[in-house]
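> what's the 3D shape of this:
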Amino acid sequence: MLGGVKISLEIVRRQVGFPRSGLRAAGWRRGRVGKGGFTLIELLVVIAIIAILASMLLPALSRAKQKSQSIACINHLKQLVAASAIYATDFRDFWPLNNPGDDALNLVNPPANYVPKVWAEGREGSNLISEDQAQGMVSERVSLLAPYLKSKQVFRCPGDKKPWKINNQLITRPRSYGMNAYVGWNSTPWHDMPNEQRYEVFRKTSVNRTVSTIFIFGEIYPESICRPMFGINMDANTIYHVPGNYHGQISNFAYTDAHAEGHRWRDGQFNDPKPPPANWHDHTGFTARPSSATDLVWLKEHSTYRR
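Reported below is the predicted structural model:
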């Protein structure tokens, strides 16, 4: 008995396509051991058994691996929101600053008098394109959360393993997460977002009547991620940042009450669009397909609420 499936001689016979007489001729009798070693038919039967077992076990192992990566990812998100909460206790209840960042800043060697302006500095594709530059995310000289997070691995989902070719080199993307643009925003709107005239912007931890439903950090699809924020087009049927697909149809989020969990999308195309958009960074022109309407509503409802 293995995995609730009993492998019998009859199952093996059917898998390999041998008649009953063929198995008997090959010496498959209870208690009989051939003196001349294994016959070709016996070896083929053993190979068939191994193939059956592999077909049952490999999918389960793949799911277990994906689950373990998701658990580690949620742990990273919890560390990010915990660091943000500690920051808030040090800075009069304010969340870490959130904005488009400075894509011209040298993250390895910033100016001597540079003052950090955002929770984690760097724009992928501009100045966040190498492991050395990724170290800037945990450098107190350029990133506000750096004093509370010492490993740059926290900024990356363990399931984010897709190689990224930049400057003729293959690297792993330094960051998998973005900060909700309606949390901590301290700059002018970027592509008309956030819209503070219509929606609440949560700059302080105390300004939120639904702390368990508003996310602060979320996974972003590899090609969609760029600046530090997670953008949401609240008044349009378009997707600013596509949520991450590192765990299949589930994307992980951390919320302002410090818990983190995964959310399963109803439409698998929402976080893994096929065909992909012509321009991943056309943040105001990527229209959500009709099958993703419910998922887009969920994302908006967990980003902010009307003033």
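> ok, residues contacting stretch 116-123?
Residues from elsewhere that reach stretch 116-123 (C-beta atoms under 8 Å, 6 or more residues apart in numbering): 84, 96-103, 105, 107, 128, 133-134, 136-137, 140-146, 155, 174-175, 179, 184, 226-228. Quick note: C-beta positions are derived from backbone N, CA and C, even for glycine.
> Stretch 297-307 too?
Here stretch 297-307 makes contact (C-beta under 8 Å, 6+ apart) with 180-182, 194, 197-202, 210, 213-215, 232, 234, 243, 253, 255, 263.
> about what we covered before: where strands are concerned, which of the contacts of stretch 116-123 count?
In strands, judged by DSSP state E, the following of these are found: M179.
> Name only those of the contacts of stretch 116-123 that count as buried.
84, 96-102, 105, 107, 128, 133-134, 136-137, 141-146, 155, 174-175, 179, 184, 226-228 (16 or more other C-beta atoms under 10 Å).
> how far out from the middle of the chain is the longest helix along the chain?
Ranked by residue count and defined by DSSP state H, the top helix of the chain is helix 40-90. Averaging C-alpha positions (C-alpha atoms, centre = their mean, to the nearest Å) puts helix 40-90 14 Å from its chain's average.
> Packing partners of that helix?
Helix 40-90 is packed against helix 9-16, strand 177-180, strand 215-219, strand 250-255, strand 260-264, with contacts defined by 3 or more C-beta pairs under 8 Å, 6 or more residues apart in numbering; DSSP states H and E.
> between the fourth one and strand 260-264, how many degrees?
The one in question is strand 250-255. On the basis of axes from the mean of the first three to the mean of the last three C-alpha atoms, to 10 degrees, strand 250-255 is oriented at 140 degrees to strand 260-264.
> what does strand 250-255 contact?
For strand 250-255, the surrounding residues in contact (C-beta under 8 Å, 6+ apart) are 70, 73-74, 77-78, 80-81, 157, 211-219, 243-245, 260-265, 271, 302.
> PyMOL command to pick out the buried ones of those residues?
Buried subset of the contacts of strand 250-255, written as a PyMOL selection, criterion 16+ other C-beta under 10 Å:
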select buried, resi 70+73+74+77+78+80+81+157+211+214+215+216+217+218+219+243+244+245+260+262+263+265+271+302
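> Now do the residue nearest to V108 when sequence neighbours are not counted against N109, distance only.
Among residues not flanking V108 along the chain, D132 sits closest, at 5.4 Å (C-beta to C-beta, 6 or more residues apart in numbering). Taking C-beta to C-beta, to the nearest Å as the criterion, D132 is separated from N109 by 10 Å.
> Can you list the buried residues in stretch 49-63?
Counting neighbours by 16+ other C-beta under 10 Å, stretch 49-63 gives I52 as buried.
> quick one: average confidence on that stretch?
Mean pLDDT, stretch 49-63: 76.
> ditto for stretch 286-299
The average pLDDT for stretch 286-299 rounds to 96.
> end-to-end on that stretch?
15 Å (C-alpha to C-alpha, to the nearest Å).
> what's the offset of that stretch from the middle of its chain?
Its chain's C-alpha centre and that of stretch 286-299 lie 19 Å apart, by C-alpha atoms, centre = their mean.
> how about that stretch: buried residues?
Neighbour count says stretch 286-299 has F286, A288, S292, D295, L296, L299 buried, by 16+ other C-beta under 10 Å.
> Can you list which of the residues you listed are found in helices?
Applying DSSP H to those, the entries found in helices are D295, L296, L299.
> Next up, the contacts around the closest residue to the second one other than its chain neighbours.
Distance criterion C-beta to C-beta, 6+ apart; nearest residue to L296, sequence neighbours excluded, is A288 at 4.8 Å. For A288, the contacting residues are N237, T238, I239, F270, D295, L296, by C-beta under 8 Å, 6+ apart.
> In this structure the last one contacts A236, no?
Same thing as L296. No - in this structure, L296 is not within contact of A236 by C-beta atoms under 8 Å, at 9.6 Å.
> What is the end-to-end distance of stretch 284-299?
The first and final residues of stretch 284-299 sit 16 Å from each other (C-alpha to C-alpha).
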